[in-house]
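A.B. asks: with the input below, show me the fold.
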Amino acid sequence: MRTATISRSTHETSIDVTVNLDGTGLYEISTGIGFFDHMLEQLSRHSLIDLHVKAVGDLHIDQHHTVEDTGIAIGEAVAKALGDKKGIRRYGDALSPMDETLTRVALDISGRPYLVWKCDFTMPRLGEMDTELFGHWFHSFAGAAGLTLHVERLYGTNNHHLIESAFKGLARALRTATEIDPRKADAIPSTKGVL
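C.D. replies: The predicted model follows:
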């Protein structure tokens, strides 16, 4: 089983994350930010990656540190669980519809972190979560996991649908990219021989 546990503690947050890349989408999420928990549950359920997250942060200040550090910790756990990346498909993409919204997500587990984020919001908050933090979470996650990640809203108007379709699209793309390719299960998917 490709699993990993990360514990990350700073003066601002204390976060414990466990992932199982070969799971069934079981999750236990607690960040203190209800809408954020809901998005991480979508990530787990639709990627089939078991995800356990316990985050305690300085929410009395704001949500920034908790969201950022959770992205880093989950990204580090995914990278650690991937190990040498032998046999993975490496690439994944998804078109993720949610009612009137359509979002495109494409990623490469390249070891070269980069985020293209083409999603904008017309509301400053969803539930109690600041919408500007969603792009920051994707940036933190991609950086720590070593992903080249593109997220683009093609169209849509409902802010909830926009971000939920982005998380579900990430989940589906991540599921494909982390799966073992039975035709090349013993090889690193790169002509360099390393990712």
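A.B. asks: in the protein, which spans are helices?
C.D. replies: Along the chain, the segments classed as helices by DSSP state H run 34-47, 64-82, 132-145, 159-178.
A.B. asks: right, and the ones you listed - which one's nearest Gly111?
C.D. replies: helix 64-82 (8.8 Å; C-beta to C-beta). Every residue, glycine included, has its C-beta placed from N, CA and C.
A.B. asks: who are the packing partners of that closest one?
C.D. replies: Packing contacts for helix 64-82, counted by 3 or more C-beta pairs under 8 Å, 6 or more residues apart in numbering; DSSP states H and E, involve strand 3-9, strand 13-20, helix 34-47, strand 50-57, helix 132-145, helix 159-178.
A.B. asks: got those as a markdown table, with mean neighbour count and mean pLDDT columns?
C.D. replies: Listed next are these as a markdown table, based on neighbours: other C-beta atoms under 10 Å; pLDDT from 0 to 100:
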| stretch | mean neighbour count | mean pLDDT |
| --- | --- | --- |
| strand 3-9 | 15 | 98 |
| strand 13-20 | 21 | 98 |
| helix 34-47 | 20 | 98 |
| strand 50-57 | 20 | 98 |
| helix 132-145 | 21 | 98 |
| helix 159-178 | 23 | 98 |
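A.B. asks: take those and write them to a markdown table, including distance to Ala187.
C.D. replies: As requested, the helices and strands packed on helix 64-82 are exported to a markdown table (distance: least, C-beta to C-beta, whole Å):
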| stretch | distance to Ala187 |
| --- | --- |
| strand 3-9 | 22 |
| strand 13-20 | 23 |
| helix 34-47 | 23 |
| strand 50-57 | 26 |
| helix 132-145 | 21 |
| helix 159-178 | 15 |
